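K.L.:
Would you be able to build a 3D model of this:
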Amino acid sequence: MSTLVIAEHDNQTLKGATLNTITAATQCGGDVHVLVAGADASAVAQLAARVSGVSKVLHADSSAFASGLAENVANQVTKIASTYSHILFPATAWGKNIAPRVAALLDVAQVSDITAVHAADTFERTIYAGNAVAVVQSEDAVKVLTVRITGFQAAESGGDAPIETIGAVADYGKSSFVERQITKSDRPELTAAKIVVSGGRALGSSERFSEVLTPLADKLGAAIGASRAAVDSGYAPNDLQIGQTGKIVAPELYIACGISGAIQHLAGMKDSRIIVAINKDPEAPIFGIADYGLEADLFEAIPALVNEL
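P.N.:
Next up, the predicted model:
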């Protein structure tokens, strides 16, 4: 049996999370196929075909997939699911919207946020905000999995898989696309950035949040993130939240500014390669996982760091 990866894309480019999911799929055994369900998304199919480890790309083209509605994509997946032992989605907002629908339609249990593959039927995932690791074995004929992208390296290019056009399902008709509001920024996308500068409630206001963190992020070419406390206080928008109920990041360098290190936040960034913490409280939990810690007033330390850079 083969493994199927559902590609996340915008009909023009392949999202980076798909590459991590392909790596997970190669560890499940069998050939790896990638489904590209889109509208005029042949460019995405070609990109997927060039990913190392991919044996075949299935391209379903229909206007019903133009906006990536979960109902339509889920129906397309279940139409071809019987020939696969594993169906994998990236554990992004997009993937988490579709995977449960597929699992329900197939009457199987979904295994969420896997971080390692032990065997074809055995997977590892974190629980209790990352404080414990569970090893889960699935006896379902078809394993529906969401893949935490920080747990797997992104697959590299170098493949040359054939592209097969398959019949697209009809529009489900019970949902419709209304509007998409996209925040445009010159900064790297938060979950894909190599450097993240993140701020907490200690910054005190939205004005100080921007005033203090933006110069440092500009110097480093970094994305800006925030703790839940900072978001709840109105210092930063929701799409910057990092943590168990926010975005999961694993950059090369994570700089935590005025973040105490609550469990909820640590669950979203503890896999970062190098963690730097700046906090005036020597008892802050963030120092317990930081590779480098600076006990200092962030309003003095960060401008001094920017001047040195």
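K.L.:
just the strands in this protein please.
P.N.:
2-6, 32-38, 56-61, 84-90, 110-119, 122-127, 132-137, 143-147, 163-166, 195-199, 223-226, 253-257, 274-278, 292-294 (DSSP state E).
K.L.:
For the fourth one, which outside residues touch it?
P.N.:
Okay, so that is strand 84-90. Around strand 84-90, the neighbours that count as contacts under Cβ atoms under 8 Å, 6 or more residues apart in numbering are 1-6, 8, 15, 17-18, 20-21, 24-25, 28-30, 33, 77, 81, 95-96, 98-99, 102, 120, 141-147, 149. The C-beta positions use only the backbone N, C-alpha and C, and glycine is treated the same way.
K.L.:
quick one: buried residues of that strand?
P.N.:
Judged by neighbour count using 16 or more other Cβ atoms under 10 Å, the buried positions of strand 84-90 are 84-90.
K.L.:
From the chain's centroid, how far away is it?
P.N.:
Taking Cα atoms, centre = their mean, to the nearest Å, the mean C-alpha location of strand 84-90 is offset from the chain mean by 16 Å.
K.L.:
Compute the inter-axis angle for that strand and strand 143-147.
P.N.:
20 degrees (axes from the mean of the first three to the mean of the last three Cα atoms, to 10 degrees).
K.L.:
What strands line up against strand 84-90, and which way round?
P.N.:
Applying DSSP bridges, strand 84-90 is found paired with strand 2-6 (parallel), strand 143-147 (parallel).
K.L.:
One more: the second one?
P.N.:
Each strand paired with strand 32-38, and its direction, by DSSP bridges: strand 2-6 (parallel), strand 56-61 (parallel).
K.L.:
Check what contacts that strand and list those residues.
P.N.:
The contact list for strand 32-38 (Cβ under 8 Å, 6+ apart) reads 2-7, 9, 11, 18, 22, 25-26, 44-45, 48, 51, 53-62, 65-66, 68, 72-73, 76-77, 80, 84, 161, 168.
K.L.:
could you redo the last one with a cut-off of 6 Å?
P.N.:
With contacts defined as Cβ atoms under 6 Å, 6 or more residues apart in numbering, strand 32-38 is touched by 2-7, 11, 25-26, 44-45, 48, 53-60, 65, 73, 76.
K.L.:
Quick one, which of those are buried?
P.N.:
When the contacts of strand 32-38 are checked for burial by 16+ other Cβ under 10 Å, the buried set is 2-7, 11, 25-26, 44-45, 48, 53-54, 56-60, 65, 73, 76.
K.L.:
circling back: JSON lines for the strands paired with strand 84-90, including mean pLDDT and distance to Arg208?
P.N.:
Below are the strands paired with strand 84-90 laid out as JSON lines (pLDDT from 0 to 100; distance: least, Cβ to Cβ, whole Å):
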{"stretch": "strand 2-6", "mean pLDDT": "96", "distance to Arg208": "42"}
{"stretch": "strand 143-147", "mean pLDDT": "96", "distance to Arg208": "37"}
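K.L.:
could the ones you listed go into TSV alongside distance to Gly261?
P.N.:
Shown next, in TSV, are the strands paired with strand 84-90 (distance: least, Cβ to Cβ, whole Å):
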stretch	distance to Gly261
strand 2-6	34
strand 143-147	26
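K.L.:
Of all these, which one is nearest Leu190?
P.N.:
The closest of these to Leu190 is strand 143-147. By Cβ to Cβ, the value is 18.1 Å.
K.L.:
Kindly calculate the angle that that closest one makes with strand 110-119.
P.N.:
Going by the same axes, to 10 degrees, strand 143-147 makes 90 degrees with strand 110-119.
K.L.:
Mind checking the strands paired with strand 32-38 for the one nearest to Gly288?
P.N.:
Closest among the strands paired with strand 32-38, using Cβ to Cβ: strand 2-6, at 36.2 Å.
K.L.:
Measure how far the closest one is from the centre of its chain, please.
P.N.:
That offset, for strand 2-6, works out to 18 Å (Cα atoms, centre = their mean).
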